[in-house]
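In: The amino acid sequence is not available; the structure is as follows:
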Ligand SMILES: NCc1[nH]cc(CCC(=O)O)c1CC(=O)O
Ligand SMILES: [Zn+2]
Ligand SMILES: [Zn+2]
């Protein structure tokens, strides 16, 4: 690449007519001839980097981690290459070196593995001795520079695996779900989470969380990141493996958005901004770049987050393994697309690797 660059520069410099008086004649007069020249703008690595409106930086990366109630475990998640589920005793030793490399934020997912701990209302979600609250307190105490986001949902904790409390007919009871989920969010915030991120998609939960935070007098220092446009589909499989959160029956199509629902996503984004969200998230990311761009347009003054989900991450690994492309190159290309679409926060399992790659 650098050979090509220097050749093209040399050639061009050679032709530059500074000392020739009659060059006006040779100068093209039709604007089209000049504006058809694009290569001149990106022939050098630096000019190429200037073409990006925004550069990928370490502070954009929000790292998802799975914390189980098996204190000493460190188990690879087979469907999510390079990622592990860890017990509370393994968290700091994992995160500390990453913080030294520039890690700024994590998003926590609890994984209850103990028998009999799941019930219809997800009681374990805000158990003060459970993995999430323990991890929030531990990370805040031991790694004070790290910004801690707590994912808020019930599906990891409910016996039925749905993201809320159910009616007898198996459909979501929105009122009860919102009341419960806002309690869980409040518990995480009180435990010290900088940010709570409800991923359940029940109607009205942003407002309910906001009101409980206000009533508790802590709303001024707790960020609400709304999974506002979360689509149902087949890209969450490895996560559900990792978190043991697959629905026991049915699916999530009545609360997560249908993949074609661009208008619904826009409505959900506007709604959640109106209810008090500080950050809007779009999920998945690579297959929903238009939605990220819509979110950026609608939420002009809010930071937009995009979640490159487990299926998207696993897909890149699988394709790289099959020889389709180079893993690292594709990792960058996938994040560049998300950035271009308008996100300024990227939730991604690439985070540990990116912290190294962004150095070199
Ligand atoms: N509601 C829980 C939740 N929060 C984030 C993800 C998905 C993350 C991923 O796939 O990486 C899920 C799973 C789901 O909705 O089934
Ligand atoms: Zn859920
Ligand atoms: Zn209902």
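Out: Perfect, I can see it now. Just so you know, these numbers come straight off a predicted model, no measurement behind them. Ligands and ions are numbered 1, 2, ... in the order given.
In: Quick check: residue 277 touching residue 229?
Out: No - assessed by Cβ atoms under 8 Å, residue 277 is found out of contact with residue 229, at 11.3 Å. Quick note: C-beta positions are derived from backbone N, CA and C, even for glycine.
In: Neighbour count for these two, which is higher?
Out: residue 229 (30 against 25; other Cβ atoms under 10 Å).
In: Tell me which residues touch the more buried one, please.
Out: Residues in contact with residue 229 (Cβ atoms under 8 Å, 6 or more residues apart in numbering) are 257, 265, 268-269, 280-283, 288, 291, 295.
In: Let's have those residues in JSON lines, adding neighbour count, pLDDT and distance to ligand 2.
Out: Formatted as JSON lines, the contacts of residue 229 follow (neighbours: other Cβ atoms under 10 Å; pLDDT from 0 to 100; distance: Cβ to the ion, whole Å):
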{"residue": "257", "neighbour count": "24", "pLDDT": "93", "distance to ligand 2": "14"}
{"residue": "265", "neighbour count": "23", "pLDDT": "97", "distance to ligand 2": "18"}
{"residue": "268", "neighbour count": "23", "pLDDT": "97", "distance to ligand 2": "16"}
{"residue": "269", "neighbour count": "26", "pLDDT": "97", "distance to ligand 2": "19"}
{"residue": "280", "neighbour count": "27", "pLDDT": "97", "distance to ligand 2": "18"}
{"residue": "281", "neighbour count": "28", "pLDDT": "98", "distance to ligand 2": "14"}
{"residue": "282", "neighbour count": "30", "pLDDT": "98", "distance to ligand 2": "16"}
{"residue": "283", "neighbour count": "24", "pLDDT": "98", "distance to ligand 2": "11"}
{"residue": "288", "neighbour count": "28", "pLDDT": "98", "distance to ligand 2": "18"}
{"residue": "291", "neighbour count": "27", "pLDDT": "98", "distance to ligand 2": "19"}
{"residue": "295", "neighbour count": "29", "pLDDT": "97", "distance to ligand 2": "20"}
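In: Of the residues you listed, just say which sits nearest to residue 74.
Out: Of all the contacts of residue 229, residue 74 sits closest to residue 283, with 26.6 Å by Cβ to Cβ.
In: list the contacts for the closest one?
Out: Residues in contact with residue 283 (Cβ under 8 Å, 6+ apart) are 199, 227, 229-231, 306-307, 309, 347.
In: okay if I get the residues you listed as a markdown table plus pLDDT and distance to residue 76?
Out: Listed next are the contacts of residue 283 as a markdown table, based on pLDDT from 0 to 100; distance: Cβ to Cβ, whole Å:
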| residue | pLDDT | distance to residue 76 |
| --- | --- | --- |
| 199 | 96 | 24 |
| 227 | 98 | 26 |
| 229 | 97 | 31 |
| 230 | 96 | 26 |
| 231 | 96 | 28 |
| 306 | 98 | 26 |
| 307 | 98 | 22 |
| 309 | 98 | 19 |
| 347 | 98 | 20 |
